[in-house]
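Enquirer: Fold the following for me, if possible:
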Amino acid sequence: MKPTNETTSAGAESIPKTKKDKHLSSDGKWRSFPKVPNLLQYVTAGTYYARCKVNGKPIRVSLDTDVFSVAKVRLPDKLKELRKPKAHVGTFADGRIKYEAETRNGYTSRKNRLVKLAPLSIAYRLRCLECLRRSLIECLFHPDTAWKDLSESARTEALNKLDAMSVNQFTKENCDVWQARYSNNYAPSVFNNTVNTFRRVLELAGLPHDENPAYKIGRMDILEKPIRLPSPEQFDHIIELVATSGAAQAKDCANLIRFLAFTGARVSEAKKGVWGDVDWKENTLELHSVKVRGAFNQDITRKIPLNPSLKQLLEQLQGKHNPKPADRICHVSECQRSLDRACKLAGCKRITHHDLRHYFVTKCLQAGVDVFTLAKWVGHRDNGKLLLKVYAHLQAEHSQSMAAKVTFGSNGETKLAA
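Expert: Numbers count the residues shown, from 1 in each chain. I've put the predicted structure just below:
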């Protein structure tokens with residue numbers, strides 16, 4: 001009598017084969033599922049696989065599960081991935097040229113969003129690209145020579161060689177060497193932005209995300225620097241020193257310092273301020289934002305109320321100059337050298353234009369302005385998350401001062417029970 005079960009000799013272990021199971025392969029290793037096309041199960045291990053033809057060649061790829069219901073869910077995505085045609089991969093020059101065009105057009109794609117770039121961001125991105133090219137040349141072609149020590153002919157030859165490289169030639173080892181060398185010479189913020197540039201160039205050249213070695217480069221942690229600002233007495237002294245320095249535009253520099261400290265504006269925003277932005281009836285000042293996020297074609301502005309110090313400054317300037325609506329409020333665009341000299345003479349830590357923005361935020365928080373309102377004044381769109389992070393120490397001080405005002409007894413004293 002013929003046995004009902006047969007065994008195959010393939011593999012380390014014999015695999016039972018039942019004649020009644022029409023869905024097993026001839027060698028008994030693979031089980032198919034008529035109701036779920038393109039799904040196979042490797043009988044010995046129980047693992048499920050996706051099966052399809054790519055360019056006429058049959059392939060099987062594991063779904064990394066031995067659970068039938070999970071395999072059914074993963075199958076469509078895996079088939080879509082397998083059948084997706086591979087993108088054409090170009091050279092480094094292809095990605096670089098597209099990156100430059102994208103940047104100069106003032107837009108970039110970020111997480112499937114079209115993001116408009118501010119003028120300063122455009123210049124910064126192009127500088128990051130230039131630093132990337134030079135540092136890659138040092139790592140790939142001249143590891144023992146710095147860019148500044150290369151001759152003009154050697155630089156031109158290396159740049160052409162880099163542009164001719166297929167982006168497929170970049171390996172994780174290349175990126176590791178570049179990361180180790182570049183991270184030692186630049187600040188963490190510059191390094192992280194250059195990594196973003198590296199990733200985008202390879203991406204624009206046609207390299208998929210999973211094959212892009214630049215995504216294997218780790219980002220550096222950016223440590224928050226402690227904010228050290230002048231006291232109110234030192235601030236008044238600094239303005240007096242700048243105004244009486246004897247320079248040709250000494251008073252204009254002092255007024256710019258006041259304007260930045262009283263508005264919290266960035267110095268690039270102060271450059272755009274004109275008298276037509278002052279609304280005396282509404283008691284507001286309109287500031288033109290320089291940090292733009294989103295696909296906006298119009299000028300992004302924000303309005304801040306005129307606090308007493310700012311209103312007094314604007315009234316004095318208006319009475320002195322009798323300006324027209326198109327005239328600039330601040331007659332100078334920067335005053336860093338005057339600030340440096342005044343801080344040195346006043347015996348306090350050097351402050352920058354941006355530190356005056358910190359000074360504005362600090363004074364507002366100390367005055368009890370809520371974080372949500374203050375975020376609107378300084379042009380943050382995160383409803384105060386960044387302010388809470390950067391100025392947490394001030395919030396702690398404010399919390400302690402508020403707690404000191406809370407009492408529970410009639411006279412505020414606490415006595416232990418006898």
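
Enquirer: Buried residues, stretch 155-171. List them.
Expert: In terms of neighbour count (16 or more other Cβ atoms under 10 Å), stretch 155-171 has its buried residues at Ala158, Leu159, Leu162, Val167, Phe170. (C-beta placed from N, C-alpha, C; glycine too.)

Enquirer: neighbouring contacts of it?
Expert: Stretch 155-171 has contacts (Cβ atoms under 8 Å, 6 or more residues apart in numbering) with 89-96, 133, 136-137, 140-142, 147, 150, 202, 205-207, 213-214.

Enquirer: With stretch 29-47 instead?
Expert: Taking Cβ under 8 Å, 6+ apart as the rule, stretch 29-47 contacts 8, 10-11, 13, 15, 21, 23-25, 28, 48-52, 60, 62-66, 71-72, 75, 79.

Enquirer: ChimeraX command to pick out the buried ones of the contacts of stretch 155-171?
Expert: Remark: buried members of the contacts of stretch 155-171, expressed as a ChimeraX selection using 16+ other Cβ under 10 Å:
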select :89,90,91,92,93,94,95,96,133,136,137,140,150,202,205,206,207,213,214
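
Enquirer: which element is Lys78 on?
Expert: helix 68-83 (DSSP states H and E).

Enquirer: And the very next helix or strand once past that helix, what does it pack against?
Expert: Downstream of helix 68-83, the next assigned helix or strand under DSSP H and E is helix 92-104. Helix 92-104 sits against helix 119-140, helix 152-164, helix 188-204, with contacts defined as 3 or more Cβ pairs under 8 Å, 6 or more residues apart in numbering; DSSP states H and E.

Enquirer: what angle sits between helix 92-104 and helix 152-164?
Expert: Helix 92-104 runs at 90 degrees relative to helix 152-164, counting by axes from the mean of the first three to the mean of the last three Cα atoms, to 10 degrees.

Enquirer: one step back: and the helix holding Lys78, what does it pack against?
Expert: strand 39-42, strand 48-54, strand 57-62.

Enquirer: Could you export those as a markdown table, including distance to Ala326?
Expert: Listed next are the helices and strands packed on helix 68-83 as a markdown table, based on distance: least, Cβ to Cβ, whole Å:
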| stretch | distance to Ala326 |
| --- | --- |
| strand 39-42 | 71 |
| strand 48-54 | 64 |
| strand 57-62 | 66 |
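
Enquirer: give me the low-pLDDT residue ranges for the chain?
Expert: Applying pLDDT under 70 to the chain flags the ranges 1-20, 86-87, 109-113, 292-299, 392-399, 401-402, 409-418.

Enquirer: quick revisit: same list (the buried residues of stretch 155-171) but as a markdown table, adding distance to Leu129.
Expert: Listed next are those as a markdown table, based on distance: Cβ to Cβ, whole Å:
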| residue | distance to Leu129 |
| --- | --- |
| Ala158 | 16 |
| Leu159 | 12 |
| Leu162 | 12 |
| Val167 | 15 |
| Phe170 | 15 |
